[in-house]
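**Q** Have a look at this fold, sequence not included:
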């Protein structure tokens, strides 16, 4: 009887070991896209091209890429240019028949004019482990990361424990005269809020913030200065990475807090249709959308992460643990949000009661 039990125990142990080995193989397989024959072939062609040119909205979005990309794919020089007007300039280049850019990374909304004009090119995103639901514009762009709308506060003036967990908590009279927001970001954030709350409740909230709480809605630079100095110690609808940069680089006493429900702006990468280095363009765009590229980005740029379903992001995990809910931007929600932001802007600015 004891021999039978020992025999059964050994069989169970073997089965468990086999299962674990199988699981490990699956995990290893998911992470081995970079050594697949197809990607190796693309890399060799990209290396022969020698360089890749990427454009994006700002230096923080791009400056970490050359070093990180070359660790995975050495021998390809990465040149980058940061410009908030990059979309307009790319359209102008293509109209003039000039093609100097390979890879582009920008918000989903910013990519829309390029998609409509055929400036974005196709890529085999599956080579990089990108899921179909993370691909946009008929296969011409893929999700990289999100910017989360949150609260930034001056830590010399406000404690995080004093902040509400939901947006309507800021209607408490104790916050009157302490709030500020960017005239660019505030209506766009309210557009996201309307996707969760509905338009009627969101409009009532915006009016109450304006009339009862006396929120200052002003230029972005002025709003940032007001929270940094503590004149208005809480800014609503800004992004975590701003507070982190101000604290770590500018040495300003700021930090951020998530509030629910909220919205997550979607950023995507694309290899351009007339890229002068087409293989390097696809390789870089695909790597940026891969799990590896996303994880390195999160390490390099604290407060910026992939918040899509199935993400392995630590930030996403922490937000979920705190009960934060967010609306992910896609082409449909982007249009709905933009339409509402346009309608609510006159209310936010006081032009309409």
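**A** Good, I have the coordinates. Just so we're clear, the structure is a prediction, and the values are computed from it rather than from any experiment. Numbers count the residues shown, from 1 in each chain.
**Q** Quick one: distance of stretch 288-307 to the chain centre.
**A** On the basis of C-alpha atoms, centre = their mean, to the nearest Å, stretch 288-307 sits 9 Å off its chain's mean C-alpha point.
**Q** Same question for stretch 126-145.
**A** Relative to the centre of its chain, stretch 126-145 is centred 14 Å away, using C-alpha atoms, centre = their mean.
**Q** quick one: average pLDDT of that stretch?
**A** Regarding stretch 126-145, the rounded mean pLDDT is 96.
**Q** got the contact list for that stretch?
**A** Stretch 126-145 is contacted by residues 30, 33, 36, 38-39, 42, 105, 108, 111, 115, 120-123, 125, 266-270, 285-291, 293-294, 297-298, 304-310, 330-331 when judged by C-beta atoms under 8 Å, 6 or more residues apart in numbering. (C-beta placed from N, C-alpha, C; glycine too.)
**Q** quick one: which of those residues sit in strands?
**A** Members of the contacts of stretch 126-145 lying in strands (criterion: DSSP state E): 105, 266-270.
**Q** In CSV: these, plus neighbour count, pLDDT and distance to residue 240.
**A** Listed next are the ones in strands among the contacts of stretch 126-145 as CSV, based on neighbours: other C-beta atoms under 10 Å; pLDDT from 0 to 100; distance: C-beta to C-beta, whole Å:
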residue, neighbour count, pLDDT, distance to residue 240
105, 26, 98, 19
266, 26, 96, 16
267, 25, 97, 14
268, 26, 98, 20
269, 28, 98, 21
270, 31, 98, 25
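**Q** Compile the residues you listed into JSON lines and extend it with columns for distance to residue 50.
**A** Formatted as JSON lines, these follow (distance: C-beta to C-beta, whole Å):
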{"residue": "105", "distance to residue 50": "21"}
{"residue": "266", "distance to residue 50": "32"}
{"residue": "267", "distance to residue 50": "27"}
{"residue": "268", "distance to residue 50": "26"}
{"residue": "269", "distance to residue 50": "20"}
{"residue": "270", "distance to residue 50": "21"}
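**Q** Between all of these, which two are at the greatest distance?
**A** 266 and 270 (12.9 Å; C-beta to C-beta).
**Q** tell me which element residue 186 falls in.
**A** Using DSSP states H and E, residue 186 falls within helix 185-197.
**Q** Quick check: which helices or strands does that helix pack against?
**A** helix 199-211, strand 234-238, strand 262-271, strand 326-328, helix 331-348 (3 or more C-beta pairs under 8 Å, 6 or more residues apart in numbering; DSSP states H and E).
**Q** Partner strands of the second one and their direction?
**A** Translated: strand 234-238. Note on strand 234-238: by DSSP bridges, its sheet partners are strand 150-154 (antiparallel), strand 179-182 (parallel).
**Q** Pick the most deeply packed of the ones you listed.
**A** strand 150-154 (a mean of 25; mean count of other C-beta atoms under 10 Å).
**Q** Would you mind pulling the contact partners of that strand?
**A** 160, 163, 227-230, 233-240, 242-243, 253-259, 262.
**Q** can you do 7 Å?
**A** With contact meaning C-beta atoms under 7 Å, 6 or more residues apart in numbering, strand 150-154 is reached by 163, 227, 230, 233-236, 238-240, 242-243, 253-259, 262.
**Q** for stretch 346-353, same thing?
**A** With C-beta under 7 Å, 6+ apart as the criterion, stretch 346-353 contacts 183, 186-187, 203, 206-207, 210, 217.
**Q** cutoff 6 Å now
**A** Here stretch 346-353 makes contact (C-beta atoms under 6 Å, 6 or more residues apart in numbering) with 186-187, 206, 217.
**Q** out of those, who has the most neighbours?
**A** residue 186 (28 neighbours; other C-beta atoms under 10 Å).
**Q** Between the helices and strands packed on helix 185-197, which has the poorest mean confidence score?
**A** helix 331-348 (a mean of 88).
**Q** Check which residues of it are buried.
**A** 333-334, 336-337, 340-341, 343-345, 347-348 (16 or more other C-beta atoms under 10 Å).
**Q** starting at the chain centroid, how far to that helix?
**A** 19 Å.
**Q** Please identify which helix or strand holds residue 177.
**A** Assigned by DSSP H and E, residue 177 belongs to neither a helix nor a strand.
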